[in-house]
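Peer 1: Return atomic coordinates for the entry below.
(one chain, ligands or ions: 2)
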Amino acid sequence: MSRIDSLHALGQSLWYDNIQRRLLENGELEKMIRDGDIRGVTSNPSIFNNAIAKSSDYDAALKPMAWAGWKAEDIFWQLAVEDIQAAADLFRPLYDSTHGGDGYVSLEVNPYLANDTVNTVSEARRLWALVDRPNLMVKIPATRAGIPAIQQAIAAGINVNVTLIFSLQRYVEVMDAFLRGLEERVAHGQSIDSIASVASFFVSRIDTKVDGRLEKVIQAEGTAAPQAASLRGKAAIASARLAYAKFQEIFGSDRFVKLKAKGGRTQRPLWASTSTKNPDYRDVIYVEELIAPDTVNTVPPQTLVAFKDHGESAVTIEKDLAGMRKALADLEAMGIHMEQVTDELEEEGVKSFSDAFTGLLKTIDDRRTACLAELGDLQEKIARRVKNLTDIDAARRLWQPDPTLWTEDPAEQKEILQRVGWLRAPEKSRALISQAKRILADCQQEGYTHALLLGMGGSSLAPEVLRLTFGVQSANDKPGLDLAILDSTDPAQVRTAAQRAPLARTLFIVSSKSGSTSETQSHLAFFWKRAVHSLGKVKAGEHFVAITDPGSMLEKQARERSFREVVLADPNVGGRYSALIAFGILPAGLLGLDLDLWLARAGRVMSVSTPATPAGRNPGLVLGAILGEAALAGRDKLTILTDPEFSAFGSWLEQLVAESSGKQGKGIIPVDQETLLPPRNYSKDRLFVYIRLTGSLDEQVKKLHAAGHPALVLPVKDTYDLSAEFYRWEVAIAIACAVLGVDAFNQPDVQDNKTRTQQKIAAFQKSGKLDEGEAIWEGEGGRVYGQEFPGLNGAKTIADVVEAFLQQAKAGVDYVALNAYLPRNPRTASKLQKVRSVLLVRTGCATTLGFGPRFLHSTGQLHKGGGDNGVFIQITRDPTVDFEIPEQGIRFATLERAQALGDLEALRSRGRRAIRIHLTSADILDLI
Ligand SMILES: O=P(O)(O)OC[C@H]1O[C@](O)(CO)[C@@H](O)[C@@H]1O
Ligand SMILES: O=C[C@H](O)[C@H](O)COP(=O)(O)O
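Peer 2: Numbers count the residues shown, from 1 in each chain. Ligands and ions are numbered 1, 2, ... in the order given. The predicted structure follows:
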């Protein structure tokens, strides 16, 4: 039997005098409950001050409320209630199994109200309703004004933990108030069997004060000094033991027997303030000396550790009661009057909790102000917008979904009804965990080492972010599969993907919601043929897994070819919102991620994104309000900054933001991976967002703030918070689109590009060549296609062409998009990044970089459907390798070029400023 079990066997429950978000989030509190260490939790304003002011645990939760314009006190109660609810939920099984005997969590009323009966009662009612858990105890101080409040709260059916009890006399009043409350209920025919209460008798503080007085007597070295010395450390235990005797008397009386017959429970004494303050005393003295049936002892962390290590259990409460009485009498005789002592303690107790509360609110207020500064000139707009989103019931309408939140168009409305399944993904996707684990375990056992995911946009971006963020993790004591993605038709890139892993050890994941995406179908054709060729048809199937919507063409193909597994996705989720359903979960599992933790992190954000959450606390809703308002105010270039650990995140976010918002001439332009320059390089069209893990960009972000740029800092704790960010941003974008008045779930301009590409391929299949059109410029190293523009004729070099073309770009309004139909590899990317930085400084415009055809499934929608503020430079080059796409009569290079031509044509059909620069012998760096 553990030391704590022994204590419990004697009738004393140990509660924990501490709460902290970290303990709730990292499973520590849950473990303590499971291990039987604690049977309840108490909090007070000092504990919350300690928890909030001395940690960064609450920063992420505090931000949206600050941005939404909440006051410090409202922020505090929201945070406190969340912790109390979470703890109460963890204790619920204990509460249920003990039929309300234990498993309580206490939350104290506002300490400023300690002398105000009426407001204490209404505060108790407010907290009871707000926390809404049967195992809550509302703490009410046993001040004079508190006594009637206790009675009224009990009569109202509220569980009460009476706090700050120091004197025997007051304790008797507390018990009386409790009984009166029960009696009142009985008189009104109300039940009393579920009402629980404890009376917190504060112990160590009595010794601290009495010992202080004794010390003076000892210092005076008079005749009373030896007796004073012998009385040190006696007053607290004596008072508590006598209090217990009163408890026995009152709860053994006929008065209580009557109530008991109606189901009334005793109001257990709870020994509070039981950490040892004087290091000369045993560190578990206020536990060991007060052990009794029907009691609770609430201990802070250090006392719990000490008791677990060396606490001794025996019923001690009745030990030497006569001696206890004598000790108190001796103190009186010495002029140390307990009534005076306890009056002072009560007053000081109220003051110290009020001071802690004041300090706490001040800390929250400082943090709130700092958060508000991140909004720059958007502050008022955001507060107004969040209020408006509350008024229009945006969260409920998102979850419902009510399509009128986004659109009046009946066809769009119909589609939206099947597009918000992702909201419940953190819960629903739990069903996929065992499947993902099984596939990984089987593959590991069969000697697979690699996976290649074939997919575009929403079907590939999240898996790639996962691979880049987490690397290959270990699962089942072996590495997970080394996953790569292929989302390019560039032949060199197809080759790289094919060469990366030996076919015999590679699992191919064919990922497509629609099942018919042409790039994915081409990749499937290519790799299927290779697999059949080297492994034979039967074995080839074992190397393929499909993730797709039920009934898709891909499902059919996969079944016909006997794929190892066909994972059917939730059809009520659109591609770019699919990171937390099968499209993201299976790859995450194959990489070896801890899927329980992955979904739990997203689940935490989900729990504060529901319609029941106040709008200001909903992290995605507030972020959406900011994104939408910023765009309306001309800050439509969402510039994504991250610490290196999160650097891949932006490529997923690009699609979510651009494809959701970029339509009907509106849109938010995601700017990812742009080199961060000093603030003078930016205009008023920017909204920066910094996903902060280590703070490597703190200094630069500070400078942005100082220069008046809005730059939101979103703190993350570790890489597993990525799932929480996926979820937060999905809500945010859905809300931002509502603010902008666009349908967040369709991509009306993507098809045009596809159709033009298909036409070009059809023409190629007839004539054997692609019609590239007439070059508008031809010179050393390359050719240029598109609409002529001023300055072109005088251009001698490609750099001159670029320079002249970009004369059209308006600083602070336009963005310059570099769209490269080239292999995406580090060398090419770094050259293009260099070009990008030069163009940023030269034009004063935000710059983006996309690789075709990948970006067509990401930012492509915005390029065509968004505002006319894009200036597009396409870059193409003839490939050095090429492969046939089986059964399609074309090669990859032809498909890639047809896509580039279709893209340019689609842009120009909308009057966009766009050229294609075809590099013959010139290098990418020759563009600048
Ligand atoms: O999963 P699928 O159907 O292959 O689609 C891939 C991508 O293509 C689009 O439908 C259009 O670009 C995206 O929305 C989507 O993520
Ligand atoms: O409910 C618990 C009390 O608030 C707590 O035990 C006070 O302890 P202290 O006297 O150590 O502050």
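
Peer 1: Buried residues, the helix or strand where A329 lies. List them.
Peer 2: Element membership of A329, judged by DSSP states H and E, is helix 321-333. By 16 or more other C-beta atoms under 10 Å, the buried positions in helix 321-333 come out as M324, A327, L328, D330, L331. All C-beta atoms are positioned from the backbone trio N, CA, C, and that covers glycine.

Peer 1: now swap in stretch 690-707 and tell me
Peer 2: By neighbour count with 16+ other C-beta under 10 Å, stretch 690-707 contains the buried residues Y690, I691, R692, L693, L697, Q700, V701, K703, L704, H705.

Peer 1: if you average pLDDT over whichever helix or strand comes after the helix holding A329, what comes out?
Peer 2: Sequence-wise, the next helix or strand downstream of helix 321-333 (DSSP H and E) is helix 338-373. Average pLDDT, helix 338-373: 97.

Peer 1: same question, stretch 776-783
Peer 2: Stretch 776-783 carries an average pLDDT of 97.

Peer 1: picking that back up, format the buried residues of helix 321-333 as JSON lines; extra columns: distance to ligand 2 and pLDDT.
Peer 2: Below are the buried residues of helix 321-333 laid out as JSON lines (distance: C-beta to the nearest ligand atom, whole Å; pLDDT from 0 to 100):
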{"residue": "M324", "distance to ligand 2": "21", "pLDDT": "96"}
{"residue": "A327", "distance to ligand 2": "21", "pLDDT": "97"}
{"residue": "L328", "distance to ligand 2": "20", "pLDDT": "97"}
{"residue": "D330", "distance to ligand 2": "24", "pLDDT": "97"}
{"residue": "L331", "distance to ligand 2": "20", "pLDDT": "97"}
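
Peer 1: want to try JSON lines for these, with distance to Q673 as columns?
Peer 2: Listed next are the buried residues of helix 321-333 as JSON lines, based on distance: C-beta to C-beta, whole Å:
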{"residue": "M324", "distance to Q673": "73"}
{"residue": "A327", "distance to Q673": "74"}
{"residue": "L328", "distance to Q673": "74"}
{"residue": "D330", "distance to Q673": "77"}
{"residue": "L331", "distance to Q673": "73"}
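
Peer 1: what's the spacing between L653 and ligand 1?
Peer 2: 13 Å (C-beta to the nearest ligand atom, to the nearest Å).

Peer 1: any idea which element T496 lies in?
Peer 2: helix 491-500.

Peer 1: now the angle from the helix holding A329 to helix 338-373?
Peer 2: Helix 321-333 and helix 338-373 are oriented at 90 degrees to each other (axes from the mean of the first three to the mean of the last three C-alpha atoms, to 10 degrees).

Peer 1: for the residue of the stretch 251-400 of the chain found nearest ligand 2, what are its contacts?
Peer 2: Going by C-beta to the nearest ligand atom, ligand 2 is nearest to S273 of the stretch 251-400 of the chain, at 3.1 Å. By C-beta atoms under 8 Å, 6 or more residues apart in numbering, the contact set of S273 is F202, V203, S204, R205, Y286.

Peer 1: Would you mind measuring from the residue nearest to it when sequence neighbours are not counted to ligand 2?
Peer 2: Counting by C-beta to C-beta, 6 or more residues apart in numbering, S273 lies nearest to F202, which is 4.0 Å off, once chain neighbours are set aside. Separation of F202 from ligand 2 (C-beta to the nearest ligand atom) stands at 6 Å.

Peer 1: What's the local residue count around F202?
Peer 2: 23 (other C-beta atoms under 10 Å).

Peer 1: I'd say it and L345 touch.
Peer 2: Yes: with contact defined as C-beta atoms under 8 Å, F202 counts as touching L345 (7.1 Å).

Peer 1: Which residues are in contact with each of these two?
Peer 2: Counting by C-beta under 8 Å, 6+ apart, the contacts common to F202 and L345 are F166.

Peer 1: Can you name the residue of the stretch 601-750 of the chain nearest ligand 2?
Peer 2: R617 (26.8 Å).

Peer 1: residues contacting that residue?
Peer 2: A61, P64, M65, Q78, V608.

Peer 1: can we see that at 7 Å?
Peer 2: P64, M65, Q78, V608 (C-beta atoms under 7 Å, 6 or more residues apart in numbering).

Peer 1: got JSON lines for these, with secondary structure too?
Peer 2: Compiled in JSON lines, the contacts of R617 are given as follows (DSSP: H, G, I helix; E, B strand; the rest coil):
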{"residue": "P64", "secondary structure": "helix"}
{"residue": "M65", "secondary structure": "helix"}
{"residue": "Q78", "secondary structure": "helix"}
{"residue": "V608", "secondary structure": "coil"}
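
Peer 1: which of the residues you listed come close to ligand 1?
Peer 2: Among the contacts of R617, none lies close to ligand 1 by the criterion of C-beta under 6 Å from any ligand atom.

Peer 1: from these, which single one is nearest R910?
Peer 2: Here the nearest of the contacts of R617 to R910, counting by C-beta to C-beta, is P64; it sits at 36.6 Å.

Peer 1: coming back round to it: neighbour-wise, give me the winner out of the contacts of R617.
Peer 2: Greatest neighbour count in these, by other C-beta under 10 Å, goes to P64: 29 neighbours.

Peer 1: For the spatially closest residue to that one that is not a sequence neighbour, report the pLDDT, please.
Peer 2: Spatial nearest neighbour of P64, chain neighbours left out: V622 (3.7 Å); criterion: C-beta to C-beta, 6+ apart. Reading off the confidence values, V622 has pLDDT 98.

Peer 1: The one 3 residues further on too?
Peer 2: According to the prediction, A625 has pLDDT 98.

Peer 1: which residues touch it?
Peer 2: Contacts of A625 by C-beta under 7 Å, 6+ apart are I382, R385, V386, L389, I735, V739.

Peer 1: Now tabulate these in TSV and tack on secondary structure, neighbour count and pLDDT.
Peer 2: As requested, the contacts of A625 are arranged in TSV below (DSSP: H, G, I helix; E, B strand; the rest coil; neighbours: other C-beta atoms under 10 Å; pLDDT from 0 to 100):
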residue	secondary structure	neighbour count	pLDDT
I382	helix	23	98
R385	helix	24	98
V386	helix	28	98
L389	helix	26	98
I735	helix	31	98
V739	helix	22	98
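
Peer 1: before we move on, the earlier item: helices and strands around the helix holding T496, which ones?
Peer 2: strand 482-486, helix 892-909 (3 or more C-beta pairs under 7 Å, 6 or more residues apart in numbering; DSSP states H and E).

Peer 1: tell me which residues in that helix are buried?
Peer 2: Under 16+ other C-beta under 10 Å, the buried positions of helix 491-500 are P491, A492, Q493, V494, R495, T496, A497, A498.
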